[in-house]
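Enquirer: kindly return the folded structure for what I paste below:
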Amino acid sequence: MSSKSIAKRARTKAEADFATWLMMAKLGGFDDLPSNAQSFLTNYRTRLETMSEAESTALAVREVYSAYYSEMGGVGAPPELKARPPTTERKGVRFQTGPKHQPGLSAARHSTRPMIGKSLSALLIFASLVALIVAYRFLTQ
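Expert: Residues are numbered from 1 along each chain as shown. Model (predicted):
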């Protein structure tokens with residue numbers, strides 16, 4: 001396998017794992033994380049005192065990426081891959097918003113519509129995270 005393909009796999013895995021670990025820690029599951037994940041998150045939190053969240057996150061993902069690159073058989077220093085910038089284009093999943101205001105709807109019904117959409121989105125995100133955690137635990141055992 002080429003170093004570039006190892007680097008891409010390692011970077012993708014590092015970004016996904018770090019986001020998962022961060023969410024698990026925020027939900028109170030820090031002690032359930034593997035020791036290497038706890039170490040990366042501890043370093044991340046320490047850096048937050050001296051740098052912005054974005055800088056600390058980028059550095060933490062870089063550290064995880066370096067570790068994964070070596071574990072996956074990469075030789076030497078991992079190649080610099082550009083971090084994926086937040087996309088502003090609508091290429092992926094489109095989240096649907098509630099319907100536009102329609103005359104004739106009661107005020108009570110209209111005011112609850114956005115809340116239902118937001119809680120449904122939050123529920124879907126939570127369910128996805130739980131599925132990721134279960135898959136991660138299954139694959140690591």
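Enquirer: contacts, neighbours, all on C-alpha from now
Expert: Will do.
Enquirer: centre-most residue in this protein?
Expert: Taking Cα atoms, centre = their mean as the criterion, Ala19 is the residue nearest the geometric centre of the chain, at 3.0 Å.
Enquirer: any idea which helix or strand carries that one?
Expert: helix 3-26 (DSSP states H and E).
Enquirer: so for the next helix or strand after that helix, what gets flagged as buried?
Expert: Per DSSP H and E, the first helix or strand lying C-terminal to helix 3-26 is helix 35-47. Using 16 or more other Cα atoms under 10 Å as the test for burial, helix 35-47 gives 37-38, 40-41, 44, 47.
Enquirer: dump helix 35-47 to CSV, keeping only the CA atoms.
Expert: The C-alpha coordinates for helix 35-47 follow below in CSV (Å, rounded to 0.1, in the frame of the first residue of the first chain):
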residue,chain,number,x,y,z
SER,A,35,-5.8,5.2,27.4
ASN,A,36,-4.3,6.6,24.2
ALA,A,37,-7.6,8.5,23.5
GLN,A,38,-7.5,9.8,27.1
SER,A,39,-4.0,11.0,26.6
PHE,A,40,-4.8,12.8,23.3
LEU,A,41,-7.8,14.5,25.0
THR,A,42,-5.8,15.5,28.0
ASN,A,43,-3.2,17.2,25.8
TYR,A,44,-6.1,18.8,23.8
ARG,A,45,-7.6,20.2,27.0
THR,A,46,-4.3,21.5,28.3
ARG,A,47,-3.6,23.3,25.0
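Enquirer: phi first, then psi, for Glu49.
Expert: phi -70, psi -20 (degrees, to the nearest 10).
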